[in-house]
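Colleague: Any chance you can model this:
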Amino acid sequence: MSDIKSPAITNINYQFVWHTKHKVAFLESVMRVRLRELLIQDCNARGIVVLSGGNIGNSYVHIKLLCPPNFSPSDIMKQLKGRSSRLLQIEFPSLKNKGIGGSIWNSGYFCASFGAETHNDLQAYLNG
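Modeller: The predicted model follows:
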C-alpha cells in the first residue's frame, strides 16, 4: 500500500511467472539464490514490495509483488528480466555456453492481478 499521507492510496498486487529461454532447465541452486537476491534488490530500489519470493525453479520464476501505480506490468518485467539476465550472465559465465544467446529469459510472461483484504485499507482512508 502506498504512503497514507499521499492523496491516493493504492493496493496493486501482481503475480508474475516467466520462463527461461526455450524452457531449458539450467538455473542451478546457487543461481536461483542469486536471482532471488537480484530481484529483491531491484524491487526495493523501485519501491516495489516482494510479497512472496514465490518459486524459482530450474526453468521458471513465480513472484508476487505489491507495486506503486506508476509502473505498468510490462515496465516491471522489462526491468526485472533485463537486469537479472545481464547480471546472472556476468556472474555465471557458464550461462553464455548454453546456446541461448542474448537474454536468458523467454520474451513472454504471465501476469495476473490478485485481491487482498481491502477493508482495513478503506477504513484507514475513510478515517483519514
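
Colleague: how about the longest helix seen in the chain as CSV, C-alpha atoms only?
Modeller: Longest helix in the chain by number of residues (criterion: DSSP state H): helix 73-91. C-alpha atoms of helix 73-91 as CSV (Å, rounded to 0.1, in the frame of the first residue of the first chain):
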residue,chain,number,x,y,z
PRO,A,73,3.4,-4.8,-15.6
SER,A,74,5.4,-4.5,-18.8
ASP,A,75,7.7,-1.9,-17.2
ILE,A,76,8.3,-4.2,-14.2
MET,A,77,9.0,-7.2,-16.4
LYS,A,78,11.4,-5.3,-18.7
GLN,A,79,13.4,-4.1,-15.7
LEU,A,80,13.4,-7.4,-13.7
LYS,A,81,14.1,-9.7,-16.6
GLY,A,82,16.6,-7.4,-18.3
ARG,A,83,18.8,-6.7,-15.3
SER,A,84,18.7,-10.2,-13.9
SER,A,85,19.6,-11.7,-17.2
ARG,A,86,22.5,-9.3,-17.7
LEU,A,87,23.9,-9.7,-14.2
LEU,A,88,23.5,-13.5,-14.0
GLN,A,89,25.4,-13.9,-17.3
ILE,A,90,28.2,-11.8,-15.9
GLU,A,91,28.4,-13.6,-12.6
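
Colleague: Quick one: name whatever helix or strand follows it.
Modeller: Tracing the chain past helix 73-91, the next element assigned as helix or strand by DSSP states H and E is strand 110-113.

Colleague: Spell out the secondary structure type for Tyr14.
Modeller: Per DSSP: H, G, I helix; E, B strand; the rest coil, the secondary structure class of Tyr14 is strand.

Colleague: residue contacts, it?
Modeller: Each residue near Tyr14 by CB atoms under 8 Å, 6 or more residues apart in numbering is listed here: 64-65, 67, 73, 76, 111-114. Every C-beta, even on glycine, is put in place using the N, C-alpha and C of the backbone.

Colleague: With pLDDT, neighbour count and distance to Ala8 as added columns, please give these in JSON lines.
Modeller: Below are the contacts of Tyr14 laid out as JSON lines (pLDDT from 0 to 100; neighbours: other CB atoms under 10 Å; distance: CB to CB, whole Å):
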{"residue": "Lys64", "pLDDT": "91", "neighbour count": "16", "distance to Ala8": "22"}
{"residue": "Leu65", "pLDDT": "94", "neighbour count": "23", "distance to Ala8": "18"}
{"residue": "Cys67", "pLDDT": "95", "neighbour count": "22", "distance to Ala8": "14"}
{"residue": "Pro73", "pLDDT": "97", "neighbour count": "17", "distance to Ala8": "19"}
{"residue": "Ile76", "pLDDT": "97", "neighbour count": "21", "distance to Ala8": "19"}
{"residue": "Cys111", "pLDDT": "93", "neighbour count": "15", "distance to Ala8": "22"}
{"residue": "Ala112", "pLDDT": "89", "neighbour count": "11", "distance to Ala8": "23"}
{"residue": "Ser113", "pLDDT": "88", "neighbour count": "10", "distance to Ala8": "17"}
{"residue": "Phe114", "pLDDT": "81", "neighbour count": "9", "distance to Ala8": "20"}
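
Colleague: Please consider this matter closed, and thank you.
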